[in-house]
Structures are given as C-alpha cells and as structure tokens.
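Undergrad: give the three-dimensional model of this entry:
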Amino acid sequence: MNARRLVLAAAFFAVACQARTAPTSDVIVVGLANAPTNLDPGVGLDEASQKLHQLLFRSLVKIDAQLKVVPDLATSFETSDYINYVATIPAGVKFHDGREMTAEDVAFTFRRFLDPAFTSARKGAYSALRAIDVVDRLTVAFRLKAASASFPINLIMGIVPKGTGPEAMRSPIGSGPFRLKEFVPDDHVTLAPFAEAYGGAPANAGLVFKVVPDETMRGLELRNGSVDIVVNDLSPDLVYGLKREPRLAVVTGPGTDYAYIGMNLRDPLLADARVRRAIAFAVDTDAIINHLRRGLARPATGVVPSMSWAYAEDAPAFGHDLGRARRLLDEAGYRDPDGDGPQPRLRLTLKTSTAEAYRLQAAVLQQNLAEAGIALDVRSYEFATLMTDVVRGNVQLYTLQYVGVTDPDMLRRAFLSTQAPPVGFNRGHYKNAEVDDLITRASIALDETDRRDLYQRVQRLVAADAPYVSLWAKTNVAVSQRNLEGVALSPIADFTFLSRVHRVR
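TA: As a prediction, this is how the structure comes out:
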C-alpha cells in the first residue's frame, strides 16, 4: 500500500448602563467562564486549560474543517501500515526559552504517557503505543501494538521540551505563538506574543484571559468594553440580547457538540424499537432549536458531526409527527385507553441535569411526549449524580451531550455491544450484531474510503434503531467588540484564531 499523508436574558438589559471602557491597546481581553487549572498539555484536562494549550504550544497534527487529522507543525506525517507512523518536524522551531525543538522533544512529550511514574488522566489514550523512536534529529516514529487508522488524533498534543516536569503546570514552555507572562489562579492569565514563533508572530500585542464566572457579568463586560470577546460562554438568550448592541458583533459557525435523549434498552418498555421511534417522532426538535436555543443549534441525526468526512447525509431522521408516533405505539400494544381522555398510553421517567437549560428542555420534552400519549416524569439531579445513575443503568430516559466529537471512532465507543460502562460509552446497552461487525471492520480498515463507507452504514443502522433521540447539534458563537478583525470559529471552536485577531481603529 502506498504511504498515506495526512498531508443574556431580558433582566440583563434592565441593568443600568455603565460607562464604556474602550481598550486603547492591541492587547485582546478574552472573557472565560472558568479558570484554567493546569498549563501542562499532557495533564490539564479542563476546557479552559486546553484552550490555552492551543496558544502556548504547537502539535504535530491538527483537526481541519472536515474533522480530518492533518499536519500542523509536522512537515510530513506518513504511514504505510497504520502500525508505524513517521513524523518529521521542520528545522528552526524555537521554544519560548530560545531552544530549538528536535525529535528528542517530540519523543519525550509522548514517552511521558508510557512512564508509570507520570500521572495523567490522558494516559489511556496512548495504551496502543508500543514505542516512540527517534529516527534522526527531526524525525520520530510512533510504533503501535496493532494497526489503528484512528490513532493519529491522539497526536494532537502540545510538544514540550525534553525534561519538562511538574513546573509546567504553572510555568509552561512551549513553541506556540504566545508565551506565558502571568498566571494568577482563578483571576487571569496573560500571554505575550512570541516574536520567534514558527510561522510568524501574532497579529496583536498579547492576550489577557479574564475569569468572569457569572454569565450576566460577562455580558455586561462585553457591553461596557472591558472584555473584548467571549467564545461559547454565553447562553442563547444572552446572545440574542447582545445582538442588538451596535458596538458588538456576533460570529457563529457549526459546532461538534451533540445533545440527545439516551435510552436504557434493558428496560422492557424501551427494548421495543417501535416505542423508541415513537418517542423520536413525538419530540419537536425544531421548537427546541428555534425557541430554547434561539436558533443557535441545527438538526442532528447522530453523534458524528455533519461536517465530518465520515458523516452519513442519508441517515434516517425523525421529524415531528404525532400521527406516526401514535401509530407506532398502537403497533407496540400501547393503545390509547380513553380516546381524548387524560389517561396515558404508558409512563416513563426522564433524568436530566439541574442546569436551567436542561430543565427547560425537559419541560418541552414532557409536553411533546404527553401529546403522543406518553406521561413523562422529569427528575433533575446535580450532574455527578446524574452521570452515576446513567453509568449504573439506573435510568429509563436521560438527556446528555457529547462535547467535541471529532473522530467517527466515537461510534465504536458509544454503540459497540462490548463498550458498555465502565469500558466505554454504550450506556444504553445497545446491541446489534451487524453494527458490531461494521464497527469492528471500520476500526481496522486501512483505506479511508472503506472506513467512510463502513461508518456511514453504521450511522444509518443506529439512526433507524433509535437508541438515542437526536435533539440538536451546537452552533458555536463568539460575541466580540465590533472593532476586532480576524474572529473566526472552527468546528471545534479552538482558540488558535486568537493569534490572528487584532483591533481596527
């Protein structure tokens, strides 16, 4: 085989107007809902930390607009057998301390995950690695235990200098377009431009990440000009209101987060696919998207995002059709006991989060299902309790989101029969022998066209079986001062675009 190259709400506006504090420098202030906790890319897992990793470090590879893994820092990234991957980095890449990056640094970055003494929740992703070899000064080879076409996504990892230790949590050294200037936990992080960055210095004079936990205050700071930009940290209602602010701009783009109703297929009622499909037809996803989400979402047919190279455009979709929902319930033996009377055909329980957006969504679902004859008991829990019940199977229906799905291999984690918790994410205990076979074949297929075909067949079968009811796919949104140029959102809403953002006077 030839080598393959992966060449605010209304209350907000009742707040008294405050004097604008329009920034006069080219330093861009970014509002964050949560504080970063660890700036070592091999350890920090929280979203805020990962966003900063994208600016402080460079990776061998990255995700493109079609969610494919393509070279980033690497000048080439090749494999001939999907067991051995060889990456070459360019000469002259500088770390923030002036050292030149070599293959030794790349190897060290990933060998940490094979070191028993290294503590990181990320280590599981590298269990397929057998060894990392330094081929020459600028070339490194990754040797796997078995062929894997999906492994390269794990190489999206900031390269650290050889010898990096625990100090990187607060004092990281990377090779990204920005270097750390100041880190005040739970308050702010200041990044300065790195003039010697490979590919060129940033277009601005630096970034300040300001932690503003309260959403209303984030909106106010945008309105008053003390924050320049907020990305995906504002509710749809708040964004809707801020659109009316003449000095603010709203930029949107399709995202990869996926919201769904999960079902426990070991429950006798939900084991019947006709009941699951009836629920899907009863749900009015358009109303949820247009009203609850204020249009900041789009219809979804499954966990694989619509911009993915492996997305199945023809996967079955369930529109809002109460007639079909009722007929399916009739077929399943759940006939209306009293015609237009109040008695339901059957009763189910939905568990959801205590977060307001989830509770409002659950109320809509309750009303939708009632119109089809299904009485829905809604129970809300703190997220940790909800997840415990879901993993243990102590649920009938539940609502959750998958966040940041980029690889179609998520189909294996979510729907392969052997991937039930605690091994994987098949929390509904879905079983389909044909799906198992297709997923297994896709996991080891060496040709991308074959993998795409297999993954698309899986999506069609799973959508028809309805172990999930798709609710929506997220729309990424950035609200910024109108005098900023260069604001652009990728499907994964990464922060790399901030190196290109600058102020226009």
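
Undergrad: in its sheet, what does the one helix or strand residue 479 maps to sit against?
TA: In the assignment (DSSP states H and E), residue 479 maps to strand 468-481. Strand 468-481 sits in its sheet next to strand 229-231 (antiparallel), strand 248-263 (antiparallel), strand 297-298 (antiparallel), going by DSSP bridges.

Undergrad: identify the bridge partners of residue 485.
TA: Applying DSSP bridges to residue 485 gives these bridge partners: residue 502.

Undergrad: isn't it up against residue 251?
TA: No - under the criterion of C-beta atoms under 8 Å, residue 485 makes no contact with residue 251, lying 11.1 Å away. Bear in mind the C-beta positions are built from the backbone N, C-alpha and C, glycine included.

Undergrad: so, low pLDDT: which residues of the stretch 51-200 of the chain?
TA: Within the stretch 51-200 of the chain, not a single segment meets pLDDT under 70.

Undergrad: just the helices in it please.
TA: 103-111 (DSSP state H, counting those that start in this stretch).

Undergrad: ok, the stretch 251-400 of the chain next?
TA: Taking DSSP H, counting those that start in this stretch, the helices of the stretch 251-400 of the chain run over residues 273-282, 285-287, 322-331, 356-371, 383-392.

Undergrad: ok so, going back, okay, the angle between the strand holding residue 479 and helix 356-371?
TA: 140 degrees (axes from the mean of the first three to the mean of the last three C-alpha atoms, to 10 degrees).

Undergrad: circling back to that earlier point, Serialize the helices of the stretch 251-400 of the chain to TSV and add fields for mean pLDDT and distance to residue 404.
TA: Output for these, formatted as TSV (pLDDT from 0 to 100; distance: least, C-beta to C-beta, whole Å):
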stretch	mean pLDDT	distance to residue 404
helix 273-282	98	25
helix 285-287	96	21
helix 322-331	97	32
helix 356-371	96	18
helix 383-392	94	17
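
Undergrad: tell me the most buried of those?
TA: Among these, judged by mean count of other C-beta atoms under 10 Å, the one packed with the most neighbours on average is helix 273-282 (a mean of 23).

Undergrad: which residues sit against it?
TA: Applying C-beta atoms under 8 Å, 6 or more residues apart in numbering, the external contacts of helix 273-282 come out as 261, 263, 269-270, 318-322, 324-326, 328-329, 331-332, 334, 346, 368-369, 371-372, 374, 397, 465-467, 469-470.

Undergrad: 7 Å instead, please
TA: The contact list for helix 273-282 (C-beta atoms under 7 Å, 6 or more residues apart in numbering) reads 263, 269-270, 318, 321-322, 324-325, 328-329, 331-332, 368-369, 371-372, 374, 465-467, 469.

Undergrad: again with stretch 295-315
TA: So stretch 295-315 is in contact with 65-68, 236, 239, 252, 254, 256, 258, 285, 289, 317, 402, 405, 408, 410-411, 414, 451-452, 455-456, 459-460, 462-463, 470, 472-475, 477, 491, going by C-beta under 7 Å, 6+ apart.

Undergrad: can you select the buried ones among these for me in PyMOL?
TA: Buried residues among the contacts of stretch 295-315 (16 or more other C-beta atoms under 10 Å), as a PyMOL selection:
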select buried, resi 67+68+236+239+254+256+258+285+289+402+405+408+410+411+414+451+452+455+456+459+460+462+463+470+472+473+474+475+477+491
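
Undergrad: so where's the stretch 301-450 of the chain uncertain?
TA: For the stretch 301-450 of the chain (pLDDT under 70), the answer is none.

Undergrad: again, 80 this time
TA: Counting by pLDDT under 80, the ranges of the stretch 301-450 of the chain that qualify are 340-341.

Undergrad: where do the strands sit along it?
TA: Assigned by DSSP state E, counting those that start in this stretch, the stretch 301-450 of the chain shows strands spanning 346-353, 374-381, 397-402.

Undergrad: now the residue positioned nearest the centre of the chain: how far from residue 322?
TA: Geometric centre of the chain, nearest residue: residue 404, 1.2 Å, by C-alpha atoms, centre = their mean. Between residue 404 and residue 322 the computed distance is 34 Å (C-beta to C-beta, to the nearest Å).

Undergrad: if we can go back for a sec, out of the strands of the stretch 301-450 of the chain, flag the one nearest residue 177.
TA: Comparison of those against residue 177 by C-beta to C-beta identifies strand 397-402 as nearest, at 29.7 Å.

Undergrad: strand partners (parallel or antiparallel) of that closest one?
TA: Looking at strand 397-402 with DSSP bridges, its partner strands are strand 248-263 (antiparallel), strand 346-353 (parallel).

Undergrad: picking up where we left off before, now distance to residue 132 too, for the helices of the stretch 251-400 of the chain, in CSV please.
TA: Below are the helices of the stretch 251-400 of the chain laid out as CSV (distance: least, C-beta to C-beta, whole Å):
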stretch, distance to residue 132
helix 273-282, 45
helix 285-287, 45
helix 322-331, 53
helix 356-371, 42
helix 383-392, 33
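
Undergrad: mind checking which of those helices is nearest residue 101?
TA: Residue 101 sits nearest to helix 383-392 of all the helices of the stretch 251-400 of the chain, at 39.3 Å, using C-beta to C-beta.

Undergrad: could you give the angle of that closest one to strand 346-353?
TA: Using the same axes, to 10 degrees: helix 383-392 against strand 346-353 is 130 degrees.

Undergrad: phi, psi for the residue sitting furthest away from the middle of the chain please.
TA: Distance from the centre of the chain peaks at residue 338, with 45.1 Å (C-alpha atoms, centre = their mean). Here is the backbone geometry of residue 338 (degrees, to the nearest 10): phi -140, psi 30.
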